[in-house]
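> next comes the sequence, and after it the predicted model I'd like to discuss.
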Amino acid sequence: MIKLTLAAVLALSLVTPAIAQDAAAPSADSFRARAPSDEVVYFVLPDRFENGDPKNDRGGIKGDRLQSGFDPAAKGFYHGGDLKGLSEKLPYLQKLGITAIWVAPIFKNKAVQGPKGDESAGYHGYWITDFTRPDPHFGTADEFRAFVAAAHGMGMKVYMDIITNHTADVIRYREGDAANYAYRSRGDYPYSRQGGTSGPAINAGFKGDEDSSEANFARLTNPDYAYTPYVPKGEEHVKVPAWLNDPDYYHNRGNSTFTGEDSRFGDFSGLDDLFTENPRVRQGMVAIYADWIKRYGIDGYRIDTARHVDPGFWQAFVPAILDTAHARGIPNFTMFGEVFKDVPDNGYIAQYTRRDHLPAVLDFAFQSAMREVLGRGKGTVVLNELYAGDVLYEGGEAAALNLPTFLGNHDMGRFAMLLKADMPGISPDELLKRVMLGHAMLMTLRGAPVIYYGDEQGFVGTGGDQLAREDMMPSKVAAYNASQLIGTAATTASDNFDENHPLFRLISELSAVRRAHPALMHGRQVVRHYEQGPGVFAVSRFDPASGAEIVLAFNTAATAHSANVVVGYDGRAFETLSGTCPAQVAAPGSAHFELPAFGWAVCRVSSKAP
């Protein structure tokens, strides 16, 4: 039954073999010249990928899992994946068509934290104590250097996932309950008084956090305005560089509720929130991340929790980091911020490119729009509205070409899981078809596509966060192994690096099509057709050098649909690059597309008559 349904899907979707064979692999000597829009990105959590060295599984820490953080049977603890394992699997990623690897944070983390009975480990990398070296669970600095060199040797870039908003949870407050430090606002607890508006005067002359001058912050000498922060005994020097151990460099206002003021000034789920308005913090963070570029020659940064940091920080950080990269001989250093917003409206995330001057942001608007049209029955007009908003980004539609687009991730969950949640009772066969269509759109529409590790193997997951972070290597987590994958009879109990999986093949072949046609990497995109309900969505993309046109058409409906689609008036015939294309135009300026349920067409326009 599985083979029959997969055969039907493959017959529907896979690209013409000749295209995949003709497309050149990424060149090892030209990867630096590629624009961000040219990349196919693979986002991976090293701990969940491949265990290349079991000797580092416990990170050199003795004791049980509450000391070392290692428990491969528990979804919230280290499983053993590492940098050596990632290096060993680079040929797999190259065959998938990956040109840039986005690696979840590899910095040394607090191994275990959380309240008694609800502890978990820093396997994900977001609880940093030492910003200057890799976590021993993942390997050594030399092993990271070897990984970067090996990736570069295969023409692949390396993007590091970084954090400037917070560190691990170390600082405590003498007031309140450590499990629930309520946020204390700047109005109720100004910097000028200790413990509230009626408290004793402190920090004489300090003009508040809106003045980030060194002279102003020299007057902020007492951090006891909201709480009385302290560092527990034994952890006084746990953070590196050493300046991070000083509570003066943190907001110390309690936990964020992710609304209003506390979204920027509160502790992110208890993690120590850096005082990014302070020029010393800005200088320190620039020094940290400039050094990684100087030492390893990496190619970009994905910036975690970017919307929780003040705009002035980014206005200082971004140019300093770009200057460092350019001096290191990296002309197209990539930076994109995580600005979460679960709506198909790019106005919210675009503000961070204009006000904050972030070069790009993760395209959460695209992700939300794709869920709307493939999971929630919305019309393809949603996509037209999405792309109409590209003018809102700093740099307009041209800048939008560089946005990393994605379908699901380690926080919200996998795209297959989201569709399954939207459509209870959906069959595995239909789920696979919808996910494949989603990836066909991801790989060909504007933006730099990001593949979340495991999606190419049909991982579905059962939720977000830990429930979406399955092992590619043989898993010992019962909840992972009980989850049904799509496109395969395998489970996560065995390793999942199957190069014949239909999603692997689709991504690999469409990556080859992208490389063969610059229009699909950095070509201007024009919407040609959309509908008020599920059905056909079509765009044209144009080669920036030759002007050659490629038409993309997608059917989001569960039944066959057809449409007359606008094309350039010089077009006469089509070359099929993927899916089902018409042989010729219906009339100058119009082509009739007939697409099966969840079908697509990637068609190069020819001015020659058939």
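Arrived safely, thanks for sending.
> now do the phi/psi pair for Ala365.
In terms of degrees, to the nearest 10, the main-chain angles of Ala365 are phi -60, psi -40.
> after the worst-scoring helix or strand of the chain on mean pLDDT, next one along is what?
The least trusted helix or strand in the chain, going by mean pLDDT, DSSP states H and E, turns out to be helix 17-22, with a mean of 34. Counting by DSSP states H and E, the next helix or strand C-terminal to helix 17-22 is strand 41-44.
> distance from the chain centre to stretch 151-171, please.
11 Å (CA atoms, centre = their mean, to the nearest Å).
> first to last residue in that stretch, what's the distance?
When the termini of stretch 151-171 are compared using CA to CA, to the nearest Å, they are 38 Å apart.
> what's the distance between the residue of the chain most remote from its centre and Gln194?
Most distant residue from the mean C-alpha position of the chain: Pro200, 45.8 Å away (CA atoms, centre = their mean). For Pro200, the distance to Gln194 (CB to CB, to the nearest Å) stands at 5 Å. For every residue, glycine as well, the C-beta is placed using N, CA and C.
> same question for Leu595.
The value you get for Leu595 to Gln194, if CB to CB is used, is 67 Å.
> neighbour-wise, which of those two wins?
Between Leu595 and Gln194, counting by other CB atoms under 10 Å, Leu595 is the more crowded of the two (24 against 18).
> I'd say that one and Cys581 touch.
No: between Leu595 and Cys581 there is no contact under CB atoms under 8 Å: 9.9 Å.
> list the residues that contact both of these two?
Common neighbours of Leu595 and Cys581, counting by CB atoms under 8 Å, 6 or more residues apart in numbering, are Ala601.
> please enumerate the strands of the stretch 51-200 of the chain.
Secondary structure of the stretch 51-200 of the chain (DSSP state E, counting those that start in this stretch): strands at 100-103, 107-109, 112-113, 120-121, 128-134, 157-163, 172-173.
> grab the nearest non-local neighbour of Gly377.
Among residues not flanking Gly377 along the chain, Pro534 sits closest, at 6.1 Å (CB to CB, 6 or more residues apart in numbering).
> helix or strand for the one you found, which one?
Using DSSP H and E, Pro534 sits within no helix or strand.
> and it, how far is that from Ala558?
The gap separating Pro534 from Ala558 is 7 Å, by CB to CB.
> of these two, which one has the most company?
Counted by other CB under 10 Å, Pro534 and Ala558 do not tie: Pro534 has more neighbours, with 20 against 13.
> who are the contact partners of the more buried one?
Going by CB under 8 Å, 6+ apart, the list of residues near Pro534 reads 373, 377-380, 556-558.
> please repeat the previous calculation with a cut-off of 10 Å.
373-374, 376-380, 555-559, 561, 597 (CB atoms under 10 Å, 6 or more residues apart in numbering).
> most surrounded residue in those residues?
Result: Thr556 is most packed of these (other CB under 10 Å), 31 neighbours.
> show me what contacts the residue farthest from the centre of the chain?
193-194, 222, 224.
> switch to 7 Å and redo it
193-194 (CB atoms under 7 Å, 6 or more residues apart in numbering).
> how far away is it from Phe107?
Taking CB to CB, one finds Pro200 at 39 Å from Phe107.
> repeat that for Gln113.
Computed as CB to CB, the Gln113 to Phe107 distance reads 15 Å.
> swap in Glu394?
From Glu394 to Phe107 the distance is 29 Å (CB to CB).
> more crowded one of those two?
Using other CB under 10 Å as the criterion, Glu394 and Phe107 rank with Phe107 on top: 26 against 16.
> tell me how far that one lies from Glu470.
23 Å.
> go on, Val286?
Separation of Val286 from Glu470 (CB to CB): 36 Å.
> who's more crowded, those two?
Neighbour count, other CB under 10 Å: between Val286 and Glu470, Glu470 has more, with 28 against 20.
> and the more buried one, which of the three is it?
On the three-state scheme (DSSP: H, G, I helix; E, B strand; the rest coil), Glu470 is labelled coil.
> Asp455 is in contact with that one, correct?
No: with contact defined as CB atoms under 7 Å, Glu470 does not count as touching Asp455 (10.6 Å).
> what helix or strand is the closest residue to Leu220 other than its chain neighbours on?
Nearest residue to Leu220, sequence neighbours excluded (CB to CB, 6+ apart): Phe206, at 4.9 Å. In this structure, Phe206 sits in neither a helix nor a strand according to DSSP H and E.
> go on, Arg604?
Element membership of Arg604 [criterion: DSSP H and E] is strand 600-606.
> contacting residues around that strand?
437, 440, 444, 513, 549-555, 567-568, 571-581, 593, 595.
> go on, stretch 188-198?
Counting by CB under 7 Å, 6+ apart, 199-203, 206, 208, 220, 222, 224-226 sit against stretch 188-198.
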